[in-house]
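Undergrad: I'll drop the sequence and a predicted model, then ask my questions.
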Amino acid sequence: MPRRRDVGTGPVVHRTARVGLRLTRHQQHRCFGLLRSAGDVWACVLEVNAWHRRRGDKPVAGYQELCRLLAASGPGIFGELDTTGARSVLRRYSDAWFSAAARRKAGHAEVRYPRRRRGLMPIRWYHGTFTLTGRRLRLPVARGGDPLWVRLDRLVPYPPETVRSVTLLVDAGRLWIDVTAELPITTYPPGTGPDPARVAGVDLGIIHPYGAAHPADGSALLVSGRAIRAEHRLHLTDTRHRRRATATHTPAKGRRGSRRWRKIRRRARLVEGRHRRRTRQALHEATKMLIGWAVSKRIGTLTVGDPRGVLDISAGRRHNLRLRQWQIGRTLAMLQDKAALAGIRVHLVDERGTSSTCPACHQKISKPRGRRMVCPHCAFTGHRDIAAAFTIATRTPGGATTPHPPACTGVVTHRRAGRHLPGARPARRDPRRRPLAASGSLGRRRPAPPPPVMGSRSFTIVTEDPQPHRTQTGQRSWTPH
Ligand SMILES: [Zn+2]
């Protein structure tokens, strides 16, 4: 239901943060009870529509129709779940149904209507039905029940008055609250905000998630993602070892697994979830660095080379996996979200050929094999990703080019994403070789502390990352695409 906002307020964006919960056993029991009741609501809707289908009737998919059905079923049917929470499940069903219908109509015959039962369904409560004070949150329950207060494990990162809804959900076996806030787009004092005429090019990549260049003053930003890649590799190795060690416990087809097997599965899910959260956090940090750099340079337009064309080409088993782990859609979505909040426009342009074009003289040159691009025509040398970003900056969706060739002589700012990741410590890159004292649980990993104010800087002529090359035999080689 669209909510009417006050007239005269500026444009807003919606942002969601996932916050963990600190619960007593009893609270945990009640939260799972709510989610299970929501799963019952979902199952009921599926059941009702299965009857309709068998009779050849029209399915019940409209939100209001579903709400009437719920009201007819009477109160107290779904345990502690209140009407608002139950309706949020109906809303989820209705949205899923109509989006499936729309996509099927558009020719995607493989899209399925929601028909799968789920034991636990997320529940959403909108503004005014819950109470959020500091780290304490009261979730509404059915009338007559004891109030359900839960404790968040960190403060919500948005001003309290902007919070619009909370969602209770389970991810990787743990309970979470998704807090959604309606944030006004950042406003700047006159003359200090991003200027749409100031354009920077952004090159997305695997080793460097972001390489950005601002041709007007020749400055550039290079965000290193080596820690993210190390995390991916360690995760893959660990997964392989774990699978090998536990393969004998796999139940036969159609058989229920042993208690031991379920323990193994639970552990695997936990590790998967942690890996996902870690990489996502690191990508968020990288994106924040890019937006911070753009705001400090008053860049109002980011021209981003869209590499999604490369995902359609099969590049072999190993490289395909790397490309999928890159999570390009997610990276682009994060970039667009954070740019919108900062008041920066994002244009997507074709990035073909940018890594084989000299940014200074615009001549075609052979694609560099390492990180360093050397032009034989004009003696330009520079980092390959930054050179690509300079070329991307000259491309616009309208087809215009920049009036003067980029200077490529400014200051390059270096940043590292994922400094909190276990592989990112400068002393020991392998978390499995931690000293014994630290081998127990370290608790939840916290995001990295804010980077030093200036970061490390260098002039554009960057030859290589400050990382040693692995050229010894027996070590896996990495071929940048
Ligand atoms: Zn050149």
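TA: Right, received. Where do you want to start? Numbering: from 1, shown residues only.
Undergrad: Low-confidence ranges, the protein, go.
TA: 1-8, 74-76, 309-315, 317-325, 397-409, 422-481 (pLDDT under 70).
Undergrad: Who are the packing partners of the longest helix along it?
TA: In the chain, taking DSSP state H as the definition, the longest helix is helix 259-296. If you count contacts as 3 or more CB pairs under 8 Å, 6 or more residues apart in numbering; DSSP states H and E, helix 259-296 packs onto strand 210-214, strand 219-224, helix 226-246, helix 328-342, strand 411-416. (Each C-beta comes from the backbone N, C-alpha and C, glycine too.)
Undergrad: Does the last one pack against any helices or strands, and if so which?
TA: Going back to what we said before, that points to strand 411-416. strand 219-224, helix 259-296, strand 456-459.
Undergrad: Mind checking the ones you listed for the one nearest to the ion?
TA: strand 219-224 (16.7 Å; CB to the ion).
Undergrad: ok, and what's touching that closest one?
TA: Identification of contacts with strand 219-224 by CB atoms under 8 Å, 6 or more residues apart in numbering yields 207-214, 286, 289-290, 293, 297, 383, 385-386, 389-390, 408, 410-417, 460, 462, 465.
Undergrad: Just the buried ones among these, please.
TA: If you count burial by 16 or more other CB atoms under 10 Å, the buried members of the contacts of strand 219-224 come out as 207-214, 286, 289-290, 293, 297, 383, 385-386, 389-390, 408, 410, 412-417, 460, 462, 465.
Undergrad: ranking the helices and strands packed on strand 411-416 by burial, who's on top?
TA: Comparing the helices and strands packed on strand 411-416 by mean neighbour count (mean count of other CB atoms under 10 Å), strand 219-224 comes out on top with a mean of 26.
Undergrad: which non-adjacent residue is nearest Cys31?
TA: Residue nearest to Cys31 in three dimensions, not counting chain neighbours: Leu175, with 5.3 Å by CB to CB, 6 or more residues apart in numbering.
Undergrad: filter the buried ones among the contacts of strand 219-224 down to the ones close to the ion.
TA: Among those, no residue lies close to the ion (CB under 5 Å from the ion).
Undergrad: Alongside the ion, which residues does this protein contribute?
TA: For the chain, the residues in contact with the ion (CB under 5 Å from the ion) are 358, 360-361, 375, 377-378, 380.
Undergrad: Buried ones from those residues, can you make that a ChimeraX selection?
TA: A single ChimeraX command is used to select the members of the residues of the chain next to the ion judged buried by 16+ other CB under 10 Å:
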select :358,360,375,380
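Undergrad: As TSV, the residues of the chain next to the ion with secondary structure and distance to Arg198 would be great.
TA: Putting the residues of the chain next to the ion into TSV (DSSP: H, G, I helix; E, B strand; the rest coil; distance: CB to CB, whole Å) gives the following:
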residue	secondary structure	distance to Arg198
Cys358	coil	23
Ala360	coil	20
Cys361	coil	24
Cys375	coil	26
His377	coil	29
Cys378	coil	25
Phe380	coil	23
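Undergrad: Going along the chain, name the helices of this structure.
TA: Going by DSSP H, the chain shows helices at 25-55, 63-73, 83-105, 226-246, 259-296, 317-326, 328-342, 384-393.
Undergrad: From the ion, how far out is the residue lying farthest from the centre of the chain?
TA: Note on the chain: the largest C-alpha distance from the chain mean falls to Arg55, namely 42.6 Å (CA atoms, centre = their mean). Going from Arg55 to the ion by CB to the ion, to the nearest Å gives 72 Å.
Undergrad: just Trp176 next, same as before
TA: Separation of Trp176 from the ion (CB to the ion): 51 Å.
Undergrad: likewise Arg68?
TA: With distances taken as CB to the ion, Arg68 is found 69 Å from the ion.
Undergrad: can you tell me which residues contact that residue?
TA: Counting by CB under 8 Å, 6+ apart, Arg68 has no contacts.
Undergrad: let's see it at 10 Å
TA: If you count contacts by CB atoms under 10 Å, 6 or more residues apart in numbering, Arg68 has them with 60, 62.
Undergrad: what does Arg256 give?
TA: Residues in contact with Arg256 (CB under 10 Å, 6+ apart) are Arg262.
Undergrad: let's see it at 7 Å
TA: Under the criterion of CB atoms under 7 Å, 6 or more residues apart in numbering, Arg256 has no neighbours.
Undergrad: Same check on the one 3 residues further on?
TA: Residues touching Arg259, when contacts are defined by CB under 7 Å, 6+ apart, are absent altogether.
Undergrad: Could you measure from it over to Pro251?
TA: Remark: distance between Arg259 and Pro251 (CB to CB, to the nearest Å) = 11 Å.
Undergrad: ditto for Trp125
TA: For Trp125, the distance to Pro251 (CB to CB) stands at 39 Å.
Undergrad: quick revisit: between the helices of the chain, which gets nearest to Asp306?
TA: Of all the helices of the chain, helix 328-342 sits nearest to Asp306, with 7.3 Å by CB to CB.
Undergrad: Run through the bridge partners of the closest residue to Val156 other than its chain neighbours.
TA: In space, and not counting its chain neighbours, Val156 is closest to Val179: 4.9 Å by CB to CB, 6+ apart. Beta bridges link Val179 to Ala17, Val166 when assigned by DSSP bridges.
Undergrad: Alpha carbons of stretch 352-366, in PDB - could you do that?
TA: Taking Å, rounded to 0.1, in the frame of the first residue of the first chain, the C-alpha atoms of stretch 352-366 are listed here in PDB:
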ATOM      1  CA  ARG A 352      34.200  -3.300 -24.800                       C
ATOM      2  CA  GLY A 353      37.700  -2.300 -25.800                       C
ATOM      3  CA  THR A 354      38.400  -0.100 -22.900                       C
ATOM      4  CA  SER A 355      41.200  -2.300 -21.600                       C
ATOM      5  CA  SER A 356      42.900  -2.200 -25.100                       C
ATOM      6  CA  THR A 357      42.600   1.500 -25.800                       C
ATOM      7  CA  CYS A 358      45.200   4.000 -24.800                       C
ATOM      8  CA  PRO A 359      43.500   6.700 -22.700                       C
ATOM      9  CA  ALA A 360      46.000   9.400 -23.800                       C
ATOM     10  CA  CYS A 361      46.100   9.000 -27.600                       C
ATOM     11  CA  HIS A 362      42.900   6.800 -28.100                       C
ATOM     12  CA  GLN A 363      44.800   4.300 -30.300                       C
ATOM     13  CA  LYS A 364      44.100   0.600 -30.200                       C
ATOM     14  CA  ILE A 365      46.900  -1.300 -28.500                       C
ATOM     15  CA  SER A 366      47.200  -4.900 -27.500                       C
END
